[in-house]
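>>> just coords:
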């Protein structure tokens, strides 16, 4: 009975353990490793198949040129985008965590790849090249908007631009001293057309208001920020701060005055028949008046009336090119005060939107 039990069962194969470090022992180990590798690969393939995901993402694409002093971004800097990602679930989760940390903002610097000029770029291609997605293994299936317009312009330097300090609440005793009195103005080349005369160009400071504790006769020195010239955008100022020393002469007050806005034009328009056949038409809801805020010494403010303030929109020959256009044009109101009065504008004047149109009926010739 026992002899029958000791015999190996039919159909089973027994393999005695090989001697350690023998050829058979190494062969058994290799077979085991091969099976483990096969099973591991199958597990990873299964995980890759079953853990691939899709995700819609909403973000803000922030376009900038960094600290570049060579090129400026003139188009909009923030664009709302939506895109669809496909890839491994854990890769998508890592990207979403990083995006959340950055408050859903993705930054893109076009100056690294694009030259000055107008460009239309594919959003999906921009996203694929961002550091957050470049090596993530994720696929951008689609993006909306599909394209965005990017407008880059080279800077041009204007050295020696005069700094003009602006004050509020006081009239000075004498002139203010500014250090440095001239700075370098760096503007996009396309903005050069907005500079009528470089000799008359200046940059204002932020308004300096000494405050209620300022005493008449007191001398003060303040650090103040310099602002771009009126009508100039995307400018850089070097340096951006100046030191202003001034002596307070007297305190000022302010008042509001409603003025009528007129039109000035080249003399040739009046000598010929252009102005007799055309007129400036204000946009619906606009009026040819403005409520302006002026400040100065109380004595000079008492002398000021709406009748002795000249407020005009100045037209030039180039404005003829807009005759008949349906779009409205922002007319900048220029104000001139009577000579001898220490008066200044305390607030900017809103533009009057207008266009040049043909008169419905030409005025009758003088008899």
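Nice, thanks for sending it over. A quick note: this is a predicted structure, and the numbers were derived from the prediction, not measured. Numbers count the residues shown, from 1 in each chain.
>>> C-alpha from now on. contacts and neighbour counts both.
Noted.
>>> ok, the one helix or strand residue 118 maps to: who's next to it in the sheet?
Using DSSP states H and E, residue 118 maps to strand 117-122. Strand pairing for strand 117-122, determined by DSSP bridges: strand 147-164 (antiparallel).
>>> what sits up against the partner strand?
With contact meaning C-alpha atoms under 8 Å, 6 or more residues apart in numbering, strand 147-164 is reached by 69-76, 111, 115-123, 178, 181-190, 201-205, 226.
>>> And the residues you listed, which of them are buried?
Neighbour-count burial (16 or more other C-alpha atoms under 10 Å) applied to the contacts of strand 147-164 gives 71-74, 111, 116, 123, 178, 182-188, 202-205, 226.
>>> out of these, which are inside helices?
Among the buried ones among the contacts of strand 147-164, the members found in helices (DSSP state H) are residue 123.
>>> hey, what's the closest residue in space to residue 282 that isn't next to it in sequence bridged with?
Of all residues not flanking residue 282 in the chain, residue 354 sits nearest, at 4.3 Å (C-alpha to C-alpha, 6 or more residues apart in numbering). Beta-bridge partners of residue 354, counted by DSSP bridges, are residue 282, residue 329.
>>> Show the pLDDT at residue 354.
Here, the pLDDT recorded for residue 354 equals 91.
>>> List the residues that contact it.
Contacts here follow C-alpha under 8 Å, 6+ apart; on that basis residue 354 touches 280, 281, 282, 283, 328, 329, 330, 331.
>>> my guess is the third one meets residue 353, correct?
Yes. Between residue 282 and residue 353 a contact is recorded at 6.0 Å, counting by C-alpha atoms under 8 Å.
>>> more neighbours, the two?
Taking other C-alpha atoms under 10 Å, residue 282 and residue 353 do not tie; residue 353 has more neighbours (20 against 17).
>>> and residue 200, how many neighbours?
The number of residues packed near residue 200 is 9, by other C-alpha under 10 Å.
>>> SS state for it?
coil (DSSP: H, G, I helix; E, B strand; the rest coil).
>>> Backbone dihedrals for it, both of them.
Torsion angles at residue 200 (phi, psi; degrees, to the nearest 10) stand at phi -100, psi 0.
>>> how close does it get to residue 164?
Distance from residue 200 to residue 164, counting by C-alpha to C-alpha, to the nearest Å: 11 Å.
>>> Touching both of those two, which residues are there?
With contacts taken as C-alpha under 8 Å, 6+ apart, residue 200 and residue 164 have no neighbour in common.
>>> Just the buried ones from the contacts of residue 354, in PyMOL syntax?
Only the buried entries of the contacts of residue 354 go into this PyMOL selection, using 16+ other C-alpha under 10 Å:
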select buried, resi 280+281+282+329+331
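>>> now the helices for the stretch 251-367 of the chain?
All helices of the stretch 251-367 of the chain, identified by DSSP state H, counting those that start in this stretch, fall at 267-271, 274-277, 298-303.
>>> residues in contact with the longest one?
So the one you mean is helix 298-303. 252, 253, 254, 255, 295, 341, 342, 343.
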